[in-house]
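# Kindly generate the corresponding structure for this input.
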Amino acid sequence: MDMEKVNSMDFGEFVDVFGNVVERCPLIAAAVWSQRPFSNSEDLEKHFFAFIDALPQSGQEGILRCHPDLAGRELQQGTLTAESRREQGGAGLMSLDAAERLRLAELNAQYRARFGFPFVLAARLSDRAAVPGELARRLQRPPAEELRTALGEVKKIGRLRLADLLGAAGLAGP
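As a prediction, the model looks like this:
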């Protein structure tokens with residue numbers, strides 16, 4: 001999809017297409033729509049991320065709370081968004097055995113109790129073997145540092161999702 005098409009979208013179409021760039025946060029796409037026209041995919045990405053950065057801490061934590069636990073209840077119940085299902089599936093999190101699911105559930109619960117939001121990781125850039133270790137490692141971080149890290153993961157996820165929508169491999173870089 002080229003920028004001419006993106007810039008010509010009406011409000012509803014834009015929110016329909018880009019509403020889940022940030023997990024379950026169509027309000028961000030709604031706000032970004034008003035920033036048109038976008039010069040290129042990087043400009044569009046910049047507006048999504050600037051919105052996140054401009055939020056107070058409570059708003060940033062709210063964005064994190066919109067994310068599901070990795071291999072958690074929403075995966076088991078089949079209520080993940082299509083994007084999250086694809087991302088978690090690609091990381092092998094849909095095929096965990098019972099012991100692996102239990103370990104992740106325990107770590108997810110500890111993480112939520114410590115930070116007040118779910119563990120967020122760009123699953124497409126990880127795999128099932130690495131997730132528990134990364135979760136355990138990040139559990140040890142100071143809260144302010146972990147908030148920054150988690151928001152960085154939200155941005156990685158958003159960058160990958162924008163690249164999928166736009167067909168722009170250049171957006172998928174680090």
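# what's the neighbour count on Phe14?
20 (other CB atoms under 10 Å). (Glycine included, C-beta is placed from N, CA and C.)
# Now do the contacts for Val131.
Contact analysis of Val131 by CB atoms under 8 Å, 6 or more residues apart in numbering lists 70-71, 91, 93, 104, 121, 123.
# What pLDDT does the model give it?
With respect to pLDDT, Val131 scores 96.
# Ok, Leu171 next?
Leu171 is given a pLDDT of 49.
# Ok, Leu64 next?
We have a pLDDT of 98 for Leu64.
# ok, now the one 4 residues further on?
In the prediction, the pLDDT value recorded for Pro68 is 97.
# Look up how far Arg124 lies from the residue lying closest to Phe119 once chain neighbours are set aside.
Once flanking residues are discounted, Phe119 sits nearest to Tyr111: 4.5 Å by CB to CB, 6 or more residues apart in numbering. Tyr111 sits at a distance of 20 Å from Arg124 (criterion: CB to CB, to the nearest Å).
# higher neighbour count, the two?
Under the neighbour definition other CB under 10 Å, Tyr111 and Arg124 were set side by side, and Tyr111 has more, 22 against 19.
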